[in-house]
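*Asks:* fold the stuff below for me.
(chains A and B)
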Protein chains: 2
Amino acid sequence: MKIAVVGLGLIGGSMALVLKQKGFATKVFGVDNQEAHTLKALELGIVDEITNLDDAIANSDLIILSAPVSACATLLPLVLDQVKHQIVLDTGSTKMSLLDAVKGHAKRGRYIATHPMWGTEFSGPEAATEDAFDGRANVICNATESDKDALATVEHLYTLLGMYNVYMEGKDHDVHVAYVSHISHITSFALANTVLEKEKEENAIFELASAGFESTVRLAKSSPAMWMPIFKQNKENVLDVLNEHITQLRKFKSCIEKENWAYLTELMENANKIKHVLDREE
Amino acid sequence: MKIAVVGLGLIGGSMALVLKQKGFATKVFGVDNQEAHTLKALELGIVDEITNLDDAIANSDLIILSAPVSACATLLPLVLDQVKHQIVLDTGSTKMSLLDAVKGHAKRGRYIATHPMWGTEFSGPEAATEDAFDGRANVICNATESDKDALATVEHLYTLLGMYNVYMEGKDHDVHVAYVSHISHITSFALANTVLEKEKEENAIFELASAGFESTVRLAKSSPAMWMPIFKQNKENVLDVLNEHITQLRKFKSCIEKENWAYLTELMENANKIKHVLDREE
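*Replies:* Model prediction:
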């Protein structure tokens, strides 16, 4: 199958690599508005040919939109306008803006809204890897609005990536990811700023930073170009969770201020329960 | 050299394992007020003999205090009271409470205040591992207050663990660790509580939790029995950093509320600078 990847970053690049390796993609057309990305993707063998969007659509059977979500929300209706038999999927971290953008579109059935739950703090085609995705969930939203053949192909594609498919409504998806992904990024960005603001001795950070600190602050290396649109598109859900997070932090603050060590211990014991949720298959 | 390990948890247990493997410890006496820990440590070959504190001190050349910091602050003067030639070190995450507890003690010189900057979210002797410590910093505080021979032995001990020694005053240490360790734990505990509080669908957390979320929330599995005393002993520094962290989070909140996407991007770009600090040897 000929595929087009629009947005040659970590996700689109990794998908192209694995789909070629698995024999699913016989030819990969790459589209990206950054020339450095197109050159790098060619050099790394992620794509076979760089082309413009119109030619990529016309020459492909399946189009993967893996640009930042704001760009995808703009592109998706334009792509569907040109689609005949082709299948279009996006990999964006929020789903409602895309679903809304093509509601009632004549070719709506050719589009599958997906969100592979994998990523790293790195970006660009040089971050793409064949070891991506394996064992993680891929979310498919509003599956009943998609054509059955298109859906079946995309389900198969994600299975080839080693992922398992999970189905939910776009509205629910956007709430859940605010909890399990977006807030982690804000926390991590803010933690990095906290340390950079107050700890002027870089040597101390560098030498004392334990594995725990690195793990908590890792996401602060993430790309603002990717995350600003996510926070923008999922504004209400993100604010809701962020407010709750600040409330929770204020509980810790109040316990320490008032030396209420019993309640502080309770708060930590409650937090320990996350272990059962995360590790429940172990 | 015969050593005693008081507190058979992750740190004390791992030290005993590596020091035996390296031939530094010819016999290890274990002391712990939890019988389950002593039995497990014997079973795992972490210690050779379980004994009471007095006998452990009398029969050892070097005593490692690796109980929670509050217990160590109480134990340290009592241990020094019984010391003749022996060396005593502790591995606690805060240092001022211990340094203050033995200020002016006749045997002060036999004590070395250390903090190996390594740990995991797991605790107890069963978490002990021979792969611990390697490549990380060990902090030695107020080194000039320790006898030269005792200091040299402890420096050598940490080198055998694969660590490099860093020297600072206890007061500075307690400020720095508030930034690079203690705040990460509070953030992570609070993040877990945020998600557990608001996201009632455990299935959604479990299936959608990406590697990013797991990495940010990992420390929330940490032991309250270890961390409550740390927050207690380092109260002022922790509150100082926690206040700053809440301020930083409120900046993100304000940007998203007011849709000030340019300033939100700036905040994230600033956070990205943590990369240069953490990765500067790469």
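
*Asks:* who touches A:Pro77 in this structure?
*Replies:* A:Ala101, A:Val102, A:His105 (Cβ atoms under 8 Å, 6 or more residues apart in numbering or on different chains). Heads up, the C-betas are built off the backbone N, CA and C, glycines and all.

*Asks:* most neighbours of all these, which one?
*Replies:* A:Val102 (20 neighbours; other Cβ atoms under 10 Å in any protein chain shown).

*Asks:* now do stretch A:41-53, average pLDDT.
*Replies:* For stretch A:41-53, mean pLDDT rounds to 96.

*Asks:* what about A:Val83, how many residues close to it?
*Replies:* Using other Cβ under 10 Å, A:Val83 has 19 neighbouring residues.

*Asks:* how near is it to chain B?
*Replies:* 29 Å (Cβ to the nearest Cβ, to the nearest Å).

*Asks:* same check, this time on A:Phe24
*Replies:* 23 Å.

*Asks:* am I right that that residue is in a helix?
*Replies:* No - counting by DSSP: H, G, I helix; E, B strand; the rest coil, A:Phe24 is not found in a helix; it is coil.

*Asks:* quick check, it in contact with A:Met1.
*Replies:* Yes - A:Phe24 is in contact with A:Met1 according to Cβ atoms under 8 Å; the separation is 6.2 Å.

*Asks:* the more surrounded of these two?
*Replies:* A:Phe24 (17 against 14).

*Asks:* which one is the more buried one nearest to, not counting chain neighbours?
*Replies:* A:Leu160 (5.5 Å; Cβ to Cβ, 6 or more residues apart in numbering or on different chains).

*Asks:* neighbours of that neighbour, how many?
*Replies:* 17.

*Asks:* which residue, other than its chain neighbours, is closest to A:Lys253?
*Replies:* Per Cβ to Cβ, 6+ apart, closest to A:Lys253 is B:Leu242, 5.3 Å.

*Asks:* where's that neighbour relative to A:Val241, distance?
*Replies:* 19 Å (Cβ to Cβ, to the nearest Å).

*Asks:* output the lowest mean pLDDT helix or strand found in chain A.
*Replies:* helix A:202-208 (a mean of 73; mean pLDDT, DSSP states H and E).

*Asks:* from the chain's centre, how far out does it sit?
*Replies:* 31 Å (Cα atoms, centre = their mean, to the nearest Å).

*Asks:* cool, stretch A:7-14 as well?
*Replies:* With Cα atoms, centre = their mean, you get 11 Å for stretch A:7-14.

*Asks:* contact partners of it?
*Replies:* If you take Cβ under 8 Å, 6+ apart as the criterion, stretch A:7-14 is touched by A:5-6, A:16, A:30-32, A:37-38, A:40-41, A:44, A:46-47, A:64-68, A:71-72, A:91, A:116, A:118-120, A:122-125, A:127-130, A:132-133, A:226.

*Asks:* send the alpha carbons of it over as CSV?
*Replies:* Once non-C-alpha atoms are left out, stretch A:7-14 reads as follows in CSV (Å, rounded to 0.1, in the frame of the first residue of the first chain):
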residue,chain,number,x,y,z
GLY,A,7,4.3,15.9,9.3
LEU,A,8,7.7,14.1,9.4
GLY,A,9,8.3,14.1,13.2
LEU,A,10,8.6,11.5,15.9
ILE,A,11,5.2,9.9,15.4
GLY,A,12,4.9,10.1,11.6
GLY,A,13,8.5,9.1,11.1
SER,A,14,8.3,6.1,13.4
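
*Asks:* as a whole number, average confidence for that stretch?
*Replies:* Here the average pLDDT along stretch A:7-14 is 95.

*Asks:* for the stretch 51-200 of chain A, what spans make up the helices?
*Replies:* A:53-59, A:69-82, A:96-101, A:148-160, A:170-177, A:183-198 (DSSP state H, counting those that start in this stretch).

*Asks:* off-centre distance for the shortest one?
*Replies:* What separates the centre of helix A:96-101 from the centre of its chain is 16 Å, taken as Cα atoms, centre = their mean.

*Asks:* per the record, what domains does chain A have?
*Replies:* A:2-168, A:173-278 (automatic domain parsing).

*Asks:* compare these and say which comes out lowest on pLDDT.
*Replies:* domain A:173-278 (a mean of 90).

*Asks:* how long is it end to end?
*Replies:* Counting by Cα to Cα, to the nearest Å, you get 18 Å between the two ends of domain A:173-278.

*Asks:* I'd assumed A:Phe252 was in contact with the residue nearest to A:Lys253.
*Replies:* Yes - counting by Cβ under 8 Å, B:Leu242 touches A:Phe252, with 6.8 Å between them.

*Asks:* overlap of the contact sets of these two?
*Replies:* Between them, B:Leu242 and A:Phe252 share the contacting residues B:Ile186, judged by Cβ under 8 Å, 6+ apart.

*Asks:* now the helices of the stretch 51-200 of chain A as TSV including distance to B:Gln248?
*Replies:* Listed next are these as TSV, based on distance: least, Cβ to Cβ, whole Å:
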stretch	distance to B:Gln248
helix A:53-59	39
helix A:69-82	24
helix A:96-101	27
helix A:148-160	37
helix A:170-177	22
helix A:183-198	4
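
*Asks:* ranking those helices by burial, who's on top?
*Replies:* A comparison of these by mean neighbour count, using mean count of other Cβ atoms under 10 Å in any protein chain shown, puts helix A:183-198 on top with a mean of 25.

*Asks:* distance-wise, check the residue minimising distance to the centre of chain A relative to A:Gly135.
*Replies:* Central residue of chain A (Cα atoms, centre = their mean): A:Ser93, 4.3 Å from the mean position. Applying Cβ to Cβ, the value for A:Ser93 to A:Gly135 is 19 Å.

*Asks:* what about A:Glu43, neighbour count?
*Replies:* For A:Glu43, using other Cβ under 10 Å, the count is 11.

*Asks:* can you report how many residues lie near A:Ala127?
*Replies:* For A:Ala127, using other Cβ under 10 Å, the count is 17.

*Asks:* repeat that for A:Leu42.
*Replies:* 16.

*Asks:* repeat that for the one 4 residues further on.
*Replies:* Other residues lying near A:Ile46 total 24 when counted by other Cβ under 10 Å.

*Asks:* ok, A:Ser188 touching A:Ser215?
*Replies:* No - counting by Cβ under 8 Å, A:Ser188 sits too far from A:Ser215 to count as a contact (9.7 Å).

*Asks:* overlap in contacts, those two.
*Replies:* B:Thr216.

*Asks:* not counting its own residues, what contacts the longest helix anywhere in chain A?
*Replies:* Identified as the longest helix of chain A according to DSSP state H is helix A:235-257. Contacts with helix A:235-257, where a contact means Cβ under 8 Å, 6+ apart, come from A:174-175, A:177-179, A:182-183, A:186-187, A:231, A:260-261, A:263-264, A:267, B:186-187, B:189-191, B:193-194, B:197-198, B:231-232, B:235, B:238-239, B:242-243, B:245-246, B:249-250, B:252-253, B:256-257, B:259.
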